[in-house]
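> Provided below are the primary sequence and the corresponding predicted coordinates.
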Amino acid sequence: MKLRFIEEIAGMREGEWVEELFLVKGKQLSLRKDGKPYLMLKVCDRTGVIDSKLWDSVDEFSNKFSVDHFVKIKGIITSYQGTKEINIKSIERVEEDAVDLKDFMAVSKYDPDEMEKRLYAIISSIKDPHLNKLLTLFYEDKEFMKLFKTAPAAKDIHHAFLGGLLEHSLEVADLCVDITRRYKDVDIDLLVTGAILHDIGKIRELKYKRNLDYTDEGRLIGHILIGVGMAEEKIEMIEDFPPRLSMLVKHLIISHQGTYEWGSPKMPQTLEAIILHNLDDLSAKVNIVRKAVQADSAEKGDFSSFNKPLGRYLYKGSYNRGKLF
């Protein structure tokens with residue numbers, strides 16, 4: 001069990017001793033000026049990444065672990081070009097069953113079982129019998145639900161944490177319900193079904209056991225086509241599922257990215273698809289802003305550092321005064 005996280009370690013004074021568990025994110029063997037080898041590591045936990053260097057006994061320790069292994073490091077805090085590092089004195093591999101994975105990956109602030117209950121309530125509210133059955137088949141699929149409750153919604157852009165996919169899907173579903181209070185002609189059952197199913201392919205697009213990255217299937221096929229295939233499999237299990245309704249459900253999944261430039265095979269062409277795309281985008285962008293401002297909250301000034309996903313600096317003055325979120 002971790003006692004001290006990187007966000008705290010980064011604030012320690014030079015010369016202080018640290019003895020802690022980490023996940024190896026990067027490993028590189030290099031040569032010093034005198035020709036002797038040294039090992040450069042990037043190690044992480046759920047709060048960040050810190051560089052670590054092993055200068056002595058490289059041959060003794062180097063073959064004992066690899067990237068994605070958990071290790072216990074004993075070392076001294078140093079600084080290089082103003083950034084804190086760990087000068088490693090000893091390092092040993094630690095087996096996965098000896099660590100709590102939640103210490104090494106960010107997790108949703110919401111309890112996964114409570115989110116599952118919320119999902120069930122949403123499914124129960126669907127009046128269309130075919131759409132209700134479709135969502136129920138997913139809900140009753142234990143293997144699917146295990147992954148749906150665990151998966152992130154993205155590798156690093158938004159809701160990039162364990163449980164992020166379900167949190168994001170529920171948020172979009174709630175936004176859909178909210179917006180139909182103003183637009184009465186929207187098919188709420190279809191729209192909410194799209195909100196729940198639009199990103200289901202991400203349970204296979206991403207891998208998230210130790211760090212977040214894309215699977216081979218994710219890189220070669222992508223979550224949209226994976227998700228359409230998953231929906232088709234369930235639809236085929238439902239007797240007399242209307243072909244037109246099947247088409248509309250699949251269109252919601254296929255078009256939710258909104259534009260060809262964003263990876264959408266089709267642009268939204270129904271009212272429900274246009275709403276879904278915009279609310280999906282809203283959920284993602286709000287999460288990006290919150291994440292960026294919170295990460296930058298310790299820095300002085302009213303603006304964040306440049307945010308690449310949004311392509312702009314973000315004003316954080318109101319956040320610092322506690323007026324938002």
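Perfect, I can see it now. Residues are numbered from 1 along each chain as shown.
> Let me see the contact set for Gly229.
Gly201 (C-beta atoms under 8 Å, 6 or more residues apart in numbering). Quick note: C-beta positions are derived from backbone N, CA and C, even for glycine.
> hmm, try it at 10 Å
Residues touching Gly229, when contacts are defined by C-beta atoms under 10 Å, 6 or more residues apart in numbering, comprise 201, 204, 221, 250, 253.
> Likewise for His223?
Contacts here follow C-beta under 10 Å, 6+ apart; on that basis His223 touches 153-154, 165, 198-206, 214, 217, 230, 253, 256-257, 263.
> didn't Ser146 look like it was pressed against Ile203?
No, residue 146 isn't Ser; it's Lys. Yes. Lys146 is within contact range of Ile203, at 9.1 Å (criterion: C-beta atoms under 10 Å).
> Which of the contacts of His223 fall within helices?
When helices are assigned by DSSP state H, the members of the contacts of His223 inside them are 165, 202-205, 217, 230, 253.
> Flag the shaky bits of the chain, pLDDT-wise.
When residues are selected by pLDDT under 70, those of the chain lie in 295-299, 318-325.
> Tell me where it has helices.
6-9, 58-62, 112-125, 129-140, 142-150, 164-179, 188-197, 202-205, 216-220, 223-235, 243-255, 271-295, 317-320.
> Which elements pack onto the fourth one?
Contacts defined by 3 or more C-beta pairs under 10 Å, 6 or more residues apart in numbering; DSSP states H and E place helix 129-140 against helix 112-125, helix 142-150, helix 188-197, helix 223-235, helix 243-255.
> closest to Lys84 out of these?
For those, proximity to Lys84 was assessed by C-beta to C-beta; helix 142-150 is nearest, at 31.9 Å.
> Ok, which of the helices and strands packed on helix 129-140 comes nearest Leu21?
Leu21 lies closest to helix 142-150 among the helices and strands packed on helix 129-140, at 21.3 Å (C-beta to C-beta).
> That closest one vs helix 188-197, what angle?
With axes from the mean of the first three to the mean of the last three C-alpha atoms, to 10 degrees defining the directions, helix 142-150 sits at 80 degrees from helix 188-197.
> just checking, what packs against helix 142-150?
Under the contact rule (3+ C-beta pairs under 10 Å, 6+ apart), helix 142-150 is packed against helix 112-125, helix 129-140, helix 164-179, helix 202-205.
> In CSV, list these along with mean neighbour count and distance to Phe104.
Shown next, in CSV, are the helices and strands packed on helix 142-150 (neighbours: other C-beta atoms under 10 Å; distance: least, C-beta to C-beta, whole Å):
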stretch, mean neighbour count, distance to Phe104
helix 112-125, 15, 17
helix 129-140, 18, 29
helix 164-179, 21, 15
helix 202-205, 23, 20
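> Rebuild the ones you listed as a markdown table, extending it with distance to Ile77.
Converted to a markdown table, the helices and strands packed on helix 142-150 look like this (distance: least, C-beta to C-beta, whole Å):
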| stretch | distance to Ile77 |
| --- | --- |
| helix 112-125 | 35 |
| helix 129-140 | 48 |
| helix 164-179 | 32 |
| helix 202-205 | 38 |
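> among those helices, which is nearest Gly82?
Proximity to Gly82 (C-beta to C-beta) singles out helix 164-179 among these, at 32.3 Å.
> Would you pull up how far that closest one lies from the middle of the chain?
Averaged C-alpha coordinates place helix 164-179 at 16 Å from its chain's average position (C-alpha atoms, centre = their mean, to the nearest Å).
> packing partners for it?
With contacts defined as 3+ C-beta pairs under 10 Å, 6+ apart, the secondary structure elements packing on helix 164-179 are helix 112-125, helix 142-150, helix 188-197, helix 202-205, helix 271-295.
> Figure out which of those helices is closest to Asp97.
When the helices and strands packed on helix 164-179 are ranked by distance to Asp97, counting by C-beta to C-beta, first place goes to helix 142-150 at 17.7 Å.
> tell me the angle that closest one makes with helix 112-125.
Using the same axes, to 10 degrees: helix 142-150 against helix 112-125 is 120 degrees.
> Okay, buried residues for helix 142-150 please.
Residues 144-145, 147-150 are the ones in helix 142-150 that count as buried (16 or more other C-beta atoms under 10 Å).
> Can you name the residues that contact Ile221?
201, 204-205, 215, 229.
> okay if I get those as JSON lines plus distance to Asp178?
As requested, the contacts of Ile221 are arranged in JSON lines below (distance: C-beta to C-beta, whole Å):
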{"residue": "Gly201", "distance to Asp178": "25"}
{"residue": "Arg204", "distance to Asp178": "30"}
{"residue": "Glu205", "distance to Asp178": "28"}
{"residue": "Thr215", "distance to Asp178": "34"}
{"residue": "Gly229", "distance to Asp178": "30"}
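> which two in those are spaced the farthest apart?
Maximum pairwise distance in these, criterion C-beta to C-beta, is 14.6 Å, between Thr215 and Gly229.
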